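Chemist: Sharing a model prediction with you, sequence too.
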Protein chains: 4
Amino acid sequence: MTVVQIDNYGPWTVTPEPKREADLQVLQAELYADIERLFASKGALAFFCRFDNMFVISNGLTEKDHQEIQQSIRYRYPITISMGIGSGSTAYEAQKIATEALQKFGSSKSSARKEVLAIGNELVNGANSLVQIAHIDINGTTIYTDTKPIYDSYIIVNKVHQILMQELLKRGALVFYAGGDNFISPSNGVSESDFKKIFDSVESTTNVKLKVGIGQGKLAEEAAHLAAKSLDLIRSGKIKNQIHCWVSKSG
Amino acid sequence: MTVVQIDNYGPWTVTPEPKREADLQVLQAELYADIERLFASKGALAFFCRFDNMFVISNGLTEKDHQEIQQSIRYRYPITISMGIGSGSTAYEAQKIATEALQKFGSSKSSARKEVLAIGNELVNGANSLVQIAHIDINGTTIYTDTKPIYDSYIIVNKVHQILMQELLKRGALVFYAGGDNFISPSNGVSESDFKKIFDSVESTTNVKLKVGIGQGKLAEEAAHLAAKSLDLIRSGKIKNQIHCWVSKSG
Amino acid sequence: MTVVQIDNYGPWTVTPEPKREADLQVLQAELYADIERLFASKGALAFFCRFDNMFVISNGLTEKDHQEIQQSIRYRYPITISMGIGSGSTAYEAQKIATEALQKFGSSKSSARKEVLAIGNELVNGANSLVQIAHIDINGTTIYTDTKPIYDSYIIVNKVHQILMQELLKRGALVFYAGGDNFISPSNGVSESDFKKIFDSVESTTNVKLKVGIGQGKLAEEAAHLAAKSLDLIRSGKIKNQIHCWVSKSG
Amino acid sequence: MTVVQIDNYGPWTVTPEPKREADLQVLQAELYADIERLFASKGALAFFCRFDNMFVISNGLTEKDHQEIQQSIRYRYPITISMGIGSGSTAYEAQKIATEALQKFGSSKSSARKEVLAIGNELVNGANSLVQIAHIDINGTTIYTDTKPIYDSYIIVNKVHQILMQELLKRGALVFYAGGDNFISPSNGVSESDFKKIFDSVESTTNVKLKVGIGQGKLAEEAAHLAAKSLDLIRSGKIKNQIHCWVSKSG
């Protein structure tokens, strides 16, 4: 897992005076699009998260891969990015180690820290790697989108995200919003029955039903693709279940 | 207020088979960056919201302005966008009218509906327009970012967003996440004392302290800029308060 | 006419050591795409030209419009841009005045000059403005593209461009490459019979036949659109001529 | 060498009526930026060339690499791209084979041909590959840029490009414009003394002096980087010569 952090971003946005909000929004969205493209071309998958702090499932990538991405960003943006890398048996543990490694090099708002690459424990070799990704969505969102004010559907999506964050955290998993009614969860170690329990809990609190496709593979790209295919089997009715898992043959 | 909706997006992402997640993420982020740029060049301000459904504070824009943006997207993306426009005394009411106007033209997942421009009641003339924007952030996030795992700070940011959504909704205001620890709220009609009450409620529930800069102007760009400047006065300690409002002289 | 110049770009590309060529190519292409988008949203039209130096037909734009574009670029790129603005009875004269205004502020490779906006004589008010744009293409390129090595067709396109540059320069007009077999010429004062003579000259030298659609309007966008429509009438055979001009009713 | 061709692009730009020129320019520039990024992440180097037809030095890339790039473009643009791949002892020969392979699948303006991947002879394995890249620039362009109208310098740059095309073609090499006063030439088999002769010829015709850094490596990225470093040694005066070649140790 890699944590990507814009160096000294807060102060930059207001120096010498607050920059135009629209320009900042464009910068953030394009930076994420670029980070995603650069990591994805090597089989990884990035999440926008807070935009000034992004997460990447980076199994199989080398130190040099990370450095090249930092360089490419430095050459094309007015800001630089630092990165922390960590691995662990759960995604939460991995990001914790990655964050701590990065924090040792100074504050996110320090003008002294610039383009650090901090390696927490070890990089995960692609051959020994196992990534589990869960692709979750909400049942019947279209009906909602087509009958209620759109902002109302946005509140529900956000509420579901908050509950999923809390529940998955207990199992050491992370969950990111992926747009629409989609959530993607790096969830090594979380079982199908765990998801069943979490979904029951979400339904009892919010009356919202969820489904999930799970994929396992060596790299994030493969796992995410199998997760999406699993979810598509459920959506299309080919599988009569709310939970389906697909394990890569090469995984 | 304008609601922007990708036409028939869900089915497109899985036809003929699920598209690569990284490509979808890049598409969504770049589409938002483009929508933001196109609207911002006319003084408006767009929020990514659900990515497949975005909101725009579009006071002062004409029907032709909207059509040109739809055309520019159609020419450069594999998808098209429909829009609904509404105005009201609160942002919530405006988006409700905008959504309803759009829903009359068919489902967001209908392959028949394509590049609709649905006008709910009336477009707001720039001269008669008043936009209030509140720029909210969290006190002391840097300390948090620099000492806790980054995912933990993400959970807090998301939780604060959820509470702000609920509280501001009661006053007819919307609130969007803008990255980092920033939230932007189209909040016509919400007073400084309303914000004080909401912040007290957030603090008692989560122990998180907020501050807000409020701006008022004819168009979104001006209001957002005054909001950011107000917040900067608080951040820098030039104003000893958690709430500050700046009204455009021309407003 | 506006000349856009990247400040101190050459030295930047090799400091502290030569940057990766692919990153520079991406930077240049995205900068142009952004410059085009920002100017086009105000009715202007930009040409990539040398990439480090671009031209814009900017009739109708104000000083503030230019400043906002400079600011937007500064916020999102690692480089800044300076601009010179000039007007004249021909496009060549206008760009000459624009260049000279810019040159007074120092060298393109000076680290001291940064984000200058140099106004040569006067900005052209949209109401009094007249822009003539000629959209030229090569007859039968498809046959060539489909039967010869692509590089060979590229050489021909480039050769035609060179001759058009020389011939149009004699009439005070500029001509830019627009991709494919397309050239766009800001050509105030060049008549249909002038184009006829130039095309005869090109044909006798290279055996290549050209056609042109000409448009006239108050702003670049309108003129370019009428030029493209004129050319399309010729391409589709609705007009049996190699030259057609369309004057805006409002022009 | 890979030839990238937009499928049925000409007809698309004028159907149902001519699209806005600014939108086409943005589309073309962004497509090239994306193609460059996608190929560069695998060590290749792309040239915009005609924009509707691009060239890529693609040594070391597999068939799957090419397919993934085609898919990524299809998902994010309103157009698709076909590709032809060829190898040869000179760059000209390689592009000729690549073009012919592609042409067998139908016309660039056929609506039937879509996202073809045509392999001419064989893909070049990275291990056996040798790429020579020459990075050429013009002496004293800055003086010119700072004293003459910018359009005049653009004409000279274009004229030099035309002569270089003609001269390098005799030796089987290609040469692309890279912005500013820079040209990049895939030039396997062209010796330093060949360049000396060509430069003498350019100088006698145009009074323009050139210099060149040459790089050799297994993949395009490495060769381009060594070429840029060679040229930088000349520019900085560390090497008193107009021609310098740097061969990769691993090459």
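Modeler: Yep, that arrived. Here the structure is a predicted model, which is why all the values come from computation and not from measurement.

Chemist: burial of the closest residue to A:Glu222 other than its chain neighbours, as a residue count?
Modeler: Spatially, and ignoring its direct neighbours in sequence, A:Glu222 is nearest to A:Ser248 (5.5 Å; CB to CB, 6 or more residues apart in numbering or on different chains). Glycine gets a C-beta too; all of them are placed from N, C-alpha and C. Close neighbours of A:Ser248, defined as other CB atoms under 10 Å in any protein chain shown, add up to 16.

Chemist: Ok, A:Lys104 next?
Modeler: Using other CB under 10 Å, A:Lys104 is surrounded by 11 other residues.

Chemist: Let's see the pLDDT reported for A:Glu115.
Modeler: A:Glu115 is assigned 97 on the pLDDT scale.

Chemist: Helix, strand, or coil at it?
Modeler: coil (DSSP: H, G, I helix; E, B strand; the rest coil).

Chemist: Please verify my assumption that it contacts A:Ser72.
Modeler: No - contact criterion CB atoms under 8 Å: A:Glu115 and A:Ser72 do not qualify, at 11.7 Å.

Chemist: what residues are up against A:Gly88?
Modeler: Counting by CB atoms under 8 Å, 6 or more residues apart in numbering or on different chains, A:Gly88 makes contact with A:1, A:94, A:96-97, A:121.

Chemist: Distance of it relative to C:Ala223?
Modeler: According to CB to CB, to the nearest Å, A:Gly88 stands 61 Å off from C:Ala223.

Chemist: low-confidence ranges in chain A?
Modeler: A:250-251 (pLDDT under 70).

Chemist: In three-state terms, how would the residue in the stretch 51-200 of chain A that chain C sits nearest to be classified?
Modeler: The nearest approach of the stretch 51-200 of chain A to chain C comes at A:Tyr75, 4.2 Å away (CB to the nearest CB). The assignment at A:Tyr75 comes out as helix when based on three-state DSSP.

Chemist: Then A:His244?
Modeler: strand.

Chemist: so where do the helices sit in the stretch 1-150 of chain A?
Modeler: A:9-13, A:21-40, A:63-76, A:91-103, A:141-147, A:150-170 (DSSP state H, counting those that start in this stretch).

Chemist: Spatially central residue for chain A, please.
Modeler: A:Phe47 (3.6 Å; CA atoms, centre = their mean).

Chemist: That one: what's it in contact with?
Modeler: For A:Phe47, the contacting residues are A:54-56, A:176, A:178, A:184, by CB under 8 Å, 6+ apart.

Chemist: Near chain B, which residues of the stretch 51-200 of chain A? Just list them.
Modeler: A:51-53, A:55, A:92, A:95-96, A:99-100, A:103, A:107-109, A:135, A:142, A:145-151, A:153-155, A:157-159, A:161-162, A:165-166, A:169, A:174, A:178-181, A:184 (CB under 8 Å from any CB of the partner chain).

Chemist: Contacts only, for the residue lying closest to A:Gly10 once chain neighbours are set aside.
Modeler: Excluding the flanking residues, the one nearest A:Gly10 by CB to CB, 6+ apart is A:Lys109, at 5.6 Å. Applying CB under 8 Å, 6+ apart, we find A:Lys109 in contact with A:8, A:10-11, B:142, B:146.

Chemist: which of the residues you listed tops the neighbour count?
Modeler: Within these, most neighbours by other CB under 10 Å means A:Asn8, with 21 neighbours.

Chemist: surely that residue meets A:Arg113?
Modeler: Yes - using CB under 8 Å, A:Asn8 and A:Arg113 qualify as a contacting pair, with a distance of 7.4 Å.

Chemist: now the helices for the stretch 151-251 of chain A?
Modeler: Assigned by DSSP H, counting those that start in this stretch, the stretch 151-251 of chain A shows helices spanning A:192-206, A:220-235.

Chemist: possible to save the ones you listed as JSON lines with mean neighbour count?
Modeler: Below are the helices of the stretch 151-251 of chain A laid out as JSON lines (neighbours: other CB atoms under 10 Å in any protein chain shown):
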{"stretch": "helix A:192-206", "mean neighbour count": "15"}
{"stretch": "helix A:220-235", "mean neighbour count": "24"}
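
Chemist: Redo those as a markdown table? Include distance to D:Lys218.
Modeler: Listed next are the helices of the stretch 151-251 of chain A as a markdown table, based on distance: least, CB to CB, whole Å:
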| stretch | distance to D:Lys218 |
| --- | --- |
| helix A:192-206 | 46 |
| helix A:220-235 | 26 |
